[in-house]
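1. got a sequence here, can you model it:
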Amino acid sequence: MRYVIIGGVAAGMSAAMEIIRTDDSAQVTVLERGDDYSYGQCGLPYVISGVVPSVEAVVARTAEAFREKYKIDARVNTEVTNIDAEQQIVYGTDAKANKDFQLNYDRLLIASGSDPLVPEWKGMELEGIHTLKTITDTEAILKDLDENIKHVTIVGGGYIGLEVAESFRSLGKEVTLIQRGKQIASIFDQDMAELIQEEARENGIQLVLGESVEAFAGDDRVETVITDKQVHHTDLVLLGMGVRPNTGFLKNTNLQMTRQGAIHVNAYMETNLEHIYAAGDCATQYHIVKRLDDHIPLGTTSNKQGRIAGANMAGNPLPFKGIVGTSIIKFFGLTLGRTGITEKEASRLRIPYEVLTRKANSHAGYYPGGEILHLKLLYHGKTNELLGGQIIGKEGVDKRIDVLATALYNQMTIQQLADLDLSYAPPYNGVWDPLQQMARKTF
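-> Presented below is the predicted three-dimensional model:
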């Protein structure tokens, strides 16, 4: 069986390894448009700060390792340009050899990931304007970060924007973060985002909210960021406005995609075209709480979908059960956790909801060293089913977000949350966990 995989990072290589484990006679070819295979993209901001010592530290396996140890035809600098689904042929270009190629397949996986959003603003060609998605991006930023870089401007206040803001501040740089909307961290509700904004300001980040970038200016290198309201002087720019699926090369196929370009898949990672699968950032994910297909590109999901796609391609039927939208971010002294849906999402989906909020201690009040947790829970106004949660604090956030994620996955009610047998000892918790204290208010 000839397996061709487009993309050699999280979803692609998880699939490749599952195929190798499942099909002893598999012929696996992976086409990666970049230079690097199987690396942790989420670790790249920490390479910039120096917390992670080098880009090599985030690489799980090199292309050479896949070739030598697993006999996978792992190619680099090979960009796919088109697919013929009827003839089962992949067309592309080998950048190093400067020639075109074509490959026949029996099973094809599209795991082409996502690309940073890069608007067509005037001045984008200037030096000193960066994105952060790949090892190559990271190396370019590190090369650019000399003693002459005093001030960094970050455009966008999402995952990447927050993480690199902390990284640049840890290097002693002045940081301005420009966000088009009225809050940073839009995956949180406004009341919770205010805690994040306070932390940003306390750590020396200048927040510029409600402004839209229109252009960059400078001689050969960026010197100013021009918004709809003012001009900001800077030495380096990092664009962190999110990502979009890398599926532009599929425009001549009949693959069903969302308006944003994510490929529709079923629970078995199958597309609408026979023998073609998709997984990871370029594919949709079923959201258990929303009860519809969604697109939340995260590394955990990419690895799971890739493994499941590989199993199904190799003949081992395995369904993807869905996501609940769980994520966590370190931001200076705070941990920011969320799962399920927010008030904004519930309103948009017209789901009736109730809200519970609480400030609580991270462990037993009499035990020293406790930290304040800010908690917010949403549950269905009619069925009492849990809808989501947001937690921000210095300690104990991850434990409780994962409890909530598990409860959401199992579609539990707010009352059932109170019945859970959670661990207790004074250094870790009170006899009633803060989540359960909140749940008890409802009955």
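
2. where does pLDDT dip in the stretch 301-443 of the chain?
-> Applying pLDDT under 70 to the stretch 301-443 of the chain flags no residue at all.

3. the helices in it, which residues?
-> Here the stretch 301-443 of the chain has its helices, by DSSP state H, counting those that start in this stretch, at 343-348, 397-409, 414-419, 434-440.

4. OK, contacts around Ala364?
-> Gly370, Pro426, Pro427, Asn429, Gly430, Val431 (CB atoms under 8 Å, 6 or more residues apart in numbering). (C-beta placed from N, C-alpha, C; glycine too.)

5. and which of these is nearest Glu345?
-> Using CB to CB, Asn429 comes nearest to Glu345 of the contacts of Ala364, at 29.1 Å.

6. quick one: the closest one from Leu375, how far?
-> 13 Å (CB to CB, to the nearest Å).

7. which of the two has more residues huddled nearby?
-> When neighbours are counted by other CB atoms under 10 Å, Asn429 and Leu375 differ, and Leu375 comes out ahead with 24 against 21.

8. doesn't Ile391 make contact with the more buried one?
-> Yes - Leu375 is in contact with Ile391 according to CB atoms under 8 Å; the separation is 5.1 Å.

9. can you check which residues contact both of the two?
-> Common contacts of Leu375 and Ile391 (CB under 8 Å, 6+ apart): Arg400.

10. out of the contacts of Ala364, who's the most crowded?
-> Neighbour counts for the contacts of Ala364 were taken using other CB under 10 Å; the highest belongs to Asn429, with 21 neighbours.

11. give the contact list for that residue.
-> Asn429 makes contacts with His363, Ala364, Gly396, Leu422, Ser423, as judged by CB under 8 Å, 6+ apart.

12. what's around Phe443, how many residues?
-> Using other CB under 10 Å as the criterion, Phe443 is surrounded by 9 other residues.

13. in three-state terms, label the nearest residue to Phe331 once chain neighbours are set aside for me.
-> Nearest-residue entry for Phe331: Leu162, 5.2 Å, with adjacent residues in sequence omitted and distances by CB to CB, 6 or more residues apart in numbering. What DSSP: H, G, I helix; E, B strand; the rest coil gives for Leu162 is helix.

14. what's the local residue count around Leu162?
-> Leu162: 26 surrounding residues under other CB under 10 Å.

15. verify the contact between it and Ala185 for me.
-> Yes - the pair Leu162 / Ala185 is scored as a contact, 6.5 Å apart, by CB under 8 Å.

16. which residues do these two both contact?
-> By CB under 8 Å, 6+ apart, the residues touching both Leu162 and Ala185 are Ile196, Ile329, Leu336.

17. for the residue nearest the centre of the chain, which residues are in contact?
-> Centroid check for the chain by CA atoms, centre = their mean gives Leu298 as the closest residue, at 3.2 Å. Neighbour list for Leu298: Ser327 [criterion: CB under 8 Å, 6+ apart].

18. ramachandran coordinates for it?
-> Here is the backbone geometry of Leu298 (degrees, to the nearest 10): phi -140, psi 150.

19. and the gap between it and Ala11?
-> Leu298 is 11 Å from Ala11, by CB to CB.

20. same deal with Ala425?
-> Ala425 is 39 Å from Ala11, by CB to CB.

21. what's the answer for Glu79, then?
-> Distance from Glu79 to Ala11, by CB to CB: 17 Å.

22. mind checking which of the two has more residues around it?
-> Ranked by neighbour count (other CB under 10 Å), Glu79 and Ala11 place Ala11 first, with 33 against 15.

23. can you pull out the strands in the stretch 301-443 of the chain?
-> Remark: strands assigned in the stretch 301-443 of the chain by DSSP state E, counting those that start in this stretch are 327-331, 334-340, 353-361, 372-380, 386-393.

24. let me know which of the ones you listed is tucked in deepest.
-> Sort the strands of the stretch 301-443 of the chain by mean neighbour count, taking mean count of other CB atoms under 10 Å, and strand 386-393 sits at the top with a mean of 27.

25. what angle separates that strand from strand 334-340?
-> Angle of strand 386-393 versus strand 334-340, following axes from the mean of the first three to the mean of the last three CA atoms, to 10 degrees, is 180 degrees.

26. show me what strand 386-393 is packed against.
-> Under the contact criterion of 3 or more CB pairs under 8 Å, 6 or more residues apart in numbering; DSSP states H and E, strand 386-393 touches helix 190-202, strand 334-340, helix 343-348, strand 372-380, helix 397-409.
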